[in-house]
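Enquirer: would you be able to build a 3D model of this:
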Amino acid sequence: MALLTQKIPEQNFELVRDRIALILADEISSQALISPPTPEYNATVFLERFVPFDKTDMPCINVVFASGDFENQNTLTADAIYKYNIDVYTKSKSTSTSGGDKLASIKLHRILGICRAILENPQYRTLAFAPPSLQRTTVSDIAVEEPKNTQDGSSVIMGRLTFDVSVCERVQLKDAEDIGGWKTEVKMNETEKGYQFSNVIV
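Expert: I've put the predicted structure just below:
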């Protein structure tokens, strides 16, 4: 027989994952419209996509929950450091003056830089959750893969920004139960110093 009678809510790592994708989608589309407009950096944001990306999807971003480490654990709470991969994919064709690999790399670096600046902006210190929801957020790593050439002559490249979020996870408390056979009565006595309350356990 199941012992848990309450619905288990979404965990913090799930809420943070969705919030990261929402913030990036909102801010990146806004950045692309700021004068001078840069539509080539208006990347589509996906969440937990594992279907391979086609060149028609690019530029694009995939937000993926990667791992979590726990410390300071007790029966009710645990301090967690969650890692999220922000994967960026770009493509470019060669021109008369520049190779497609160079152009794809430059575009990738620009979008990775935009993502880093968004997530580390002080306005998103708590990822728009009410403080003190999050303890700390930080971009811990950026890595870039080697460009790949496709059949149509385009160069495709992927880069990964690792975003760490420190947050406390909590466990729901068990409903309180009456202790059978115990009863407390409260009596009020008048003393020289005023009324005094006293508990009597029956």
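Enquirer: now the strands for the protein?
Expert: 44-47, 60-71, 77-93, 134-144, 148-149, 154-170, 184-191, 194-201 (DSSP state E).
Enquirer: give me every residue that touches residue 161.
Expert: 85-86, 88, 112, 115-116, 119, 139, 141-142 (C-beta atoms under 8 Å, 6 or more residues apart in numbering). In short, each C-beta sits where N, CA and C put it, glycine included.
Enquirer: please name the bridge partners of it.
Expert: residue 86, residue 142 (DSSP bridges).
Enquirer: what's the pLDDT at it?
Expert: On pLDDT, residue 161 comes in at 97.
Enquirer: and it, how close does it get to residue 63?
Expert: Taking C-beta to C-beta, to the nearest Å as the measure, residue 161 and residue 63 are separated by 10 Å.
Enquirer: residues shared between the contacts of these two?
Expert: Common neighbours of residue 161 and residue 63, using C-beta under 8 Å, 6+ apart, are 85-86.
Enquirer: just the pLDDT for residue 101.
Expert: What the model reports for residue 101 is a pLDDT of 88.
Enquirer: brain fart, residue 194
Expert: On pLDDT, residue 194 comes in at 55.
Enquirer: can I get the strands of the chain in TSV with distance to residue 34?
Expert: Below are those laid out as TSV (distance: least, C-beta to C-beta, whole Å):
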stretch	distance to residue 34
strand 44-47	18
strand 60-71	18
strand 77-93	19
strand 134-144	22
strand 148-149	31
strand 154-170	21
strand 184-191	65
strand 194-201	65
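Enquirer: so for residue 38, which of those sits nearest?
Expert: Nearest of the strands of the chain to residue 38, taken as C-beta to C-beta: strand 77-93 at 12.9 Å.
Enquirer: who touches residue 119 in this structure?
Expert: With contacts defined as C-beta under 8 Å, 6+ apart, residue 119 is in contact with 20, 23-24, 86, 137, 139, 161, 163.
Enquirer: specify the helix with the largest residue count in the protein.
Expert: Criterion DSSP state H: the longest helix present in the chain is helix 12-33.
Enquirer: what sits up against that helix?
Expert: The contact list for helix 12-33 (C-beta under 8 Å, 6+ apart) reads 38-39, 41-43, 45-48, 61, 63, 65, 68, 80, 82, 84, 86, 111, 114-115, 118-119, 124, 127-129, 134, 163, 165, 167-169.
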